[in-house]
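Q: Okay, sequence plus prediction incoming.
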Amino acid sequence: MDDLSPDDIDLRFGSLVSGLDVDMPSHADVDQGRRLAIVAERLDADDMVLVGSRARYLMTSFEAGRLAAYGWRTDLRVCSDVIPQVDGLRQAGIQLIDEREHYLGGDAGVVTVEVSRVWVERLMEVCDGDIPTTGDADWLRSVVTDPNQPIIEPLHSVARRHHLIGARVVHAREDGDYVTDLRAVSPALMGSQGTLMVPVVAESSWYRWGERDYDARYRPVRAIPAAELWVE
């Protein structure tokens, strides 16, 4: 743990309360001008996609001969390779399953959908210039960008997330690797050495908790320094 003065502790604690950024260095800042982001890319029939990949699905229908989009289903996982021909589909298909069933080992709710309606999510390093910005109207980004282009969702520091419980987080380890598929299970806490810590669990444990399974095997909570975490 790092040695901090009382003023340092107050500053870090205050940042979590107020949502302000402070200088909490982390190698996850990557190279200057680059950021960590979740990038969702539209799937193509020729793409190679790993079973288990995170995905989102654009719900659509044809009305009066025109394609109508209704909205997104998220928290899905790919559970098959691309299937060249599927009865009832106009193009190649792929199977998706709710993330909860993916972790609990169930097969309820598996659906086969057209690949062009699926966006696969990946953790990537992106250049700041690749992230569309609209200033204070950032919530309108989807209106001014091409919906067929990759969707870039930058990750943020813990200090920018006011409601942390249940949030997906990425652990930027000191060895340069990133650990994904984690969930925060508590607000930030002050560690014994004056370092802000965030308790997290693997997503598999998170979903088992949802089944009211509190067996010790599914309670492997570990605290990670807030400076090493990035929040989706």
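A: Perfect, I can see it now.

Q: Val120: which element?
A: Under the assignment given by DSSP states H and E, the secondary-structure element containing Val120 is strand 118-127.

Q: what residues does that strand touch?
A: With Cβ atoms under 8 Å, 6 or more residues apart in numbering as the test, strand 118-127 has contacts from 30-31, 33-43, 47, 49, 53-58, 78, 94, 96, 151-152, 154, 170, 178, 180. All C-beta atoms are positioned from the backbone trio N, CA, C, and that covers glycine.

Q: Surely Glu114 touches Leu89?
A: Yes. Glu114 is within contact range of Leu89, at 5.3 Å (criterion: Cβ atoms under 8 Å).

Q: Tell me which of those two has more neighbours.
A: Between Glu114 and Leu89, counted using other Cβ atoms under 10 Å, the more crowded position is Glu114 (19 against 15).

Q: what pairs with the more buried one across the strands?
A: Gly93 (DSSP bridges).

Q: Now for it: which residues touch it?
A: Listed by Cβ under 8 Å, 6+ apart, the contact partners of Glu114 are 89-93.

Q: Next, format the residues you listed as a markdown table and append pLDDT and distance to Glu174.
A: Supplementary listing: the contacts of Glu114 in a markdown table, determined by pLDDT from 0 to 100; distance: Cβ to Cβ, whole Å:
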| residue | pLDDT | distance to Glu174 |
| --- | --- | --- |
| Leu89 | 91 | 46 |
| Arg90 | 88 | 49 |
| Gln91 | 91 | 45 |
| Ala92 | 95 | 42 |
| Gly93 | 96 | 42 |
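
Q: I'd like those as CSV, with distance to Asp146 appended.
A: CSV is the format used below for the contacts of Glu114 (distance: Cβ to Cβ, whole Å):
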residue, distance to Asp146
Leu89, 25
Arg90, 22
Gln91, 21
Ala92, 23
Gly93, 24
